[in-house]
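[1] With the sequence up front, the predicted model follows.
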Amino acid sequence: DEERAFAMFDLARLEREQGISVEGFPLEQVADDWPYFGAVELEKVSLSYEAAAMPPALQEVSIVLPASRSLLVSGPENSGKTSLIRAILRLWPFEGGRIVVDCVDVRSVGLTTLRSRIA
């Protein structure tokens with residue numbers, strides 16, 4: 001929705017001004033050609049939404065996707081498919097684990113850079 005879009009813009013602006021990610025990681029200056037190959041690794045990534053009564057959307061998910069490979073994610077409704085993308089693009093904060101794209105932790109890349117390079 002429109003309010004959430006403005007909030008995300010504000011987060012990206014704050015990151016640029018403060019030099020740290022929303023999650024508190026120092027921002028790295030990634031190379032202009034990053035991601036180089038597209039290798040993606042998720043290590044025990046967990047993500048929950050605001051409704052405490054709901055189980056986590058992702059619970060300690062680990063995936064290694066080598067460069068130049070594709071991954072088909074399928075499953076029933078509410079099985080975490082969209083949450084996986086939201087975590088990689090940092091559209092929603094993940095609580096545990098880490099996500100690495102071509103040897104760079106996505107939490108250390110500015111939101112604008114991350115989303116423009118991966119999307």
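    Good, I have the coordinates.
[2] residue ranges of the strands in the chain, please?
    Secondary structure of the chain (DSSP state E): strands at 40-47, 58-65, 96-101, 104-105.
[3] relative to strand 96-101, how tilted is the second one?
    Orientation of strand 58-65 against strand 96-101 (axes from the mean of the first three to the mean of the last three Cα atoms, to 10 degrees) gives an angle of 20 degrees.
[4] who are the neighbours of strand 58-65, in terms of helices and strands?
    Using 3 or more Cβ pairs under 8 Å, 6 or more residues apart in numbering; DSSP states H and E, the elements in contact with strand 58-65 are strand 40-47, helix 81-88, strand 96-101. The way it works is simple: take the backbone N, C-alpha and C, and place the C-beta from them, glycine included.
[5] The spatially closest residue to residue 22 that is not a sequence neighbour and residue 87: what is the separation?
    Distances taken as Cβ to Cβ, 6 or more residues apart in numbering put residue 11 closest to residue 22, at 5.2 Å, once the chain neighbours are dropped. Distance from residue 11 to residue 87, counting by Cβ to Cβ, to the nearest Å: 15 Å.
[6] ok, the two, which is more surrounded?
    Using other Cβ atoms under 10 Å, the more surrounded residue of residue 11 and residue 87 is residue 87, with 24 against 16.
[7] Next, the contact list for the residue nearest to the more buried one when sequence neighbours are not counted, please.
    Spatial nearest neighbour of residue 87, chain neighbours left out: residue 94 (4.5 Å); criterion: Cβ to Cβ, 6+ apart. For residue 94, the contact set (Cβ atoms under 8 Å, 6 or more residues apart in numbering) comprises 45, 46, 47, 58, 87.
[8] so who does the fourth one touch?
    Same thing as residue 58. Contacts of residue 58 (Cβ under 8 Å, 6+ apart): 45, 46, 47, 80, 83, 84, 87, 94.
[9] Need the nearest residue in space to it, chain neighbours excluded.
    residue 47 (4.3 Å).
[10] and what of residue 103?
    Closest residue to residue 103 apart from its sequence neighbours, by Cβ to Cβ, 6+ apart: residue 39 at 7.8 Å.
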